[in-house]
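Okay, sequence plus prediction incoming.
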Amino acid sequence: MNIIFGFSFLMVFSITNVCAQNEHAKTPGYDLPEILKTIDGRNVTSSAAWKKDRRPEIVTLFEDNVYGQMPERYDKIAFNVTHDVADAMDGKAHLKEVTITVWKAGKSMDIHLILFTPNNKKRASVFLLINNRDKDNTDPARNNKSGFWPAEMLIDSGYAIAAFHVSDAAPDDKDTYQHGVLQLYPEQLRADNGMKAIGAWAWAASRVMDYFKTDKDIDFTKVNLVGHSRGGKTALWAGAQDQRFAMVFSSCSGNTGAALARRHVGESVKEINTAFPHWFNNNYKKFNDDVNALPVDQHMLIALIAPRPVYTTSATEDIWADPLGSYISLLEAQPVYSLYGKQSALTAEPPPPNTPIINSILGYHNREGIHNLTPYDWSNFIEFANYQYVLK
Ligand code: GTR
């Protein structure tokens, strides 16, 4: 029945959004795990109970069944500025390339951070991209100016912009993902709930956060994490378990990102686990043929970020990432924000394409076009961050 539902969704969505919205209203076809009920059946009715009981429970459920453990201990961390240009971008920005080295039990790994801070601003808020695409997209020399990481746009808007490449933390490859972070934590490789590549990428984002806390040009209380697609899944997981990130932007993250697994629209858990066995933990594979047995769904991942702001995006032609399912996830996370007295401006039905919901603790847009991260997306990220920070 669910498969039939998925097929019919695919057909109607390509015609118009409105049909898809109606279908959602009429034929839910799935039951989500209850977000505000503890495993032992208690209703969660306050932010205190959410923080004390339900939130930690859900973090553990995601660790054990999806993303793997997030080891916190290491022996030493060092930050080494390898390239420093005070007047980059025609004098508008300060470029620092920083090697972050982490040691544990005699092993070490490096993360290479590229950071531009605006010269006309003290202690800037920073957007950190988890870069899963070509390194050229984040060219520190600015010979290549990519819409995937439009650094000048961010600097001109008064924000710092940073990036690291996922391959530093774990190569995106089923045979070599063990190089990098997992060399420090070999026990993770032996555990069915051990982290793999996406966990390692999220871990690396937290080490960049460690660095930001030491950089006087950055306001570390205003670090905005950004990821696209597999990077978008990573950004949500990193923001969920490391509460130092101020807000999360997740672009076209799809399955095991913002989209609900139980809708069976677009990529399935089985397909993602088969194509990318090195992303999620071993236990996740046990749900390949029985997604309804998962104790979580992705609305719970977004809720873990509460009360901090979250903005997700879809693209109209990116049915593989289930735009409607990503929007419903946000709606289903809203009850947790309500516990904190935060009401979003989300509408019951998704907004039309290219109509962003900005002035809201939970934001969203469905961009016309294909699976990508573009200057249009970034311009809405900037508006959303402006709105959140003006409130503070
Ligand atoms: C696809 C994968 C998606 C998404 C995407 C990407 O092949 O099925 O889950 O992560 O790659 O990262 O661009």
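Alright, I've got the coordinates. Numbers count the residues shown, from 1 in each chain.

which residues touch the nearest residue to Val291 once chain neighbours are set aside?
Across the structure, with C-beta to C-beta, 6 or more residues apart in numbering as the measure, the residue nearest Val291 apart from its sequence neighbours is Ala261 (4.9 Å). No exception for glycine: its C-beta is placed from N, CA and C like everyone else's. Each residue near Ala261 by C-beta atoms under 8 Å, 6 or more residues apart in numbering is listed here: 255, 268-269, 291, 294, 297-298.

What about the ligand: which of those touch it?
Asn255 (C-beta under 6 Å from any ligand atom).

Let me know the closest of the contacts of Ala261 to Met70.
Distance ranking of the contacts of Ala261 against Met70, using C-beta to C-beta, places Gln298 first at 17.7 Å.

Next one: that closest one, what pLDDT does it get?
Gln298 is assigned a pLDDT of 98 by the prediction.

which residues touch it?
Taking C-beta under 8 Å, 6+ apart as the criterion, Gln298 is in contact with 256-261, 329.

Look at Ile198 and give its secondary structure.
Taken by DSSP: H, G, I helix; E, B strand; the rest coil, the conformation at Ile198 corresponds to helix.

Looks like it contacts Tyr284 (just checking).
No: applying C-beta atoms under 8 Å, one finds Ile198 not in contact with Tyr284, separated by 10.4 Å.

Looking at those two, which is more packed in?
The residue with more neighbours, out of Ile198 and Tyr284 and counting by other C-beta atoms under 10 Å, is Ile198; that gives 32 against 24.

contacts for whatever helix or strand Leu189 lives in?
Under the assignment given by DSSP states H and E, the secondary-structure element containing Leu189 is helix 186-190. Residues outside helix 186-190 that contact it (C-beta under 8 Å, 6+ apart) are 68-69, 71, 178, 182, 194-196, 199.

before we move on, what about stretch 272-283?
Contacts to stretch 272-283, defined as C-beta under 8 Å, 6+ apart, come from residues 64-68, 170, 172-174, 177, 191-199, 230, 233, 255-256, 284-285, 288.

isn't Tyr67 right next to Gly199, touching?
Yes: with contacts defined as C-beta under 8 Å, Tyr67 counts as touching Gly199 at a distance of 5.2 Å.

Give the residues shared as contacts by the two.
With contacts defined as C-beta under 8 Å, 6+ apart, the residues shared by Tyr67 and Gly199 are 237, 281.

and the nearest residue in space to Gly199 that is not next to it in sequence, what does it touch?
Counting by C-beta to C-beta, 6+ apart, Gly68 is the residue found nearest to Gly199 once chain neighbours are left out, at 4.3 Å. Contacts for Gly68 (C-beta under 8 Å, 6+ apart) come out as 188, 191, 193-196, 199, 280-281.

okay, and for the stretch 151-300 of the chain, where does confidence drop off?
Per-residue confidence for the stretch 151-300 of the chain (pLDDT under 70) gives no ranges below the cut-off.

next one: the stretch 1-150 of the chain
Along the stretch 1-150 of the chain, segments meeting pLDDT under 70 span 1-28.
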